[in-house]
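A.B. asks: sequence? don't have it. structure:
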């Protein structure tokens with residue numbers, strides 16, 4: 001999915017394992033700040049205006065380590081950017097089921113052809129088991 005030299009936007013802070021995998025692939029990783037509404041989509045929009053971004057990797061629900069959930073207006077903005085710029089969203093959903101209250105609309109519903117979802121049971125059902133999937 002990512003080739004050497006491809007630009008990949010990631011949340012900052014993010015999971016260090018993701019950074020290691022992306023750097024080993026030869027991707028050019030660009031950190032995007034996270035605030036109380038989640039990933040700063042205004043910063044993503046500015047980045048895609050300047051460069052072709054192949055992938056944006058994020059944890060939109062119960063982000064680790066901040067705990068924030070991507071606000072509905074930012075979900076819509078990010079989905080629109082993904083579609084208009086032909087950018088893929090790599091959604092790490094391992095913490096999606098751990099929140100309280102109603103869940104936000106999944107990005108896969110807003111931009112179904114541009115989302116790769118990674119899930120796991122290791123956080124919610126069987127800690128440490130390493131069971132996961134990609135859809």
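C.D. replies: Thanks, I have the structure now. Bear in mind that the values here come from a model prediction, so they are computed numbers and not experimental data. Numbering: from 1, shown residues only.
A.B. asks: low-confidence ranges in this protein?
C.D. replies: 94-102, 119-135 (pLDDT under 70).
A.B. asks: Now do the buried residues in the helix ranked longest in it.
C.D. replies: Counting by DSSP state H, the longest helix found in the chain is helix 72-85. Under the neighbour-count criterion of 16 or more other CB atoms under 10 Å, helix 72-85 has 74-75, 77-79, 81-82, 85 buried. Using the backbone N, CA and C atoms, a C-beta is placed for each residue, glycine as well.
A.B. asks: Quick one: residues contacting residue 104.
C.D. replies: If you count contacts by CB atoms under 8 Å, 6 or more residues apart in numbering, residue 104 has them with 60-61, 69-72, 75.
A.B. asks: Between these, identify the one with the most neighbours.
C.D. replies: In terms of neighbours by other CB atoms under 10 Å, the contacts of residue 104 top out with residue 60 at 25 neighbours.
A.B. asks: what residue is smack in the middle of this structure?
C.D. replies: residue 58 (1.7 Å; CA atoms, centre = their mean).
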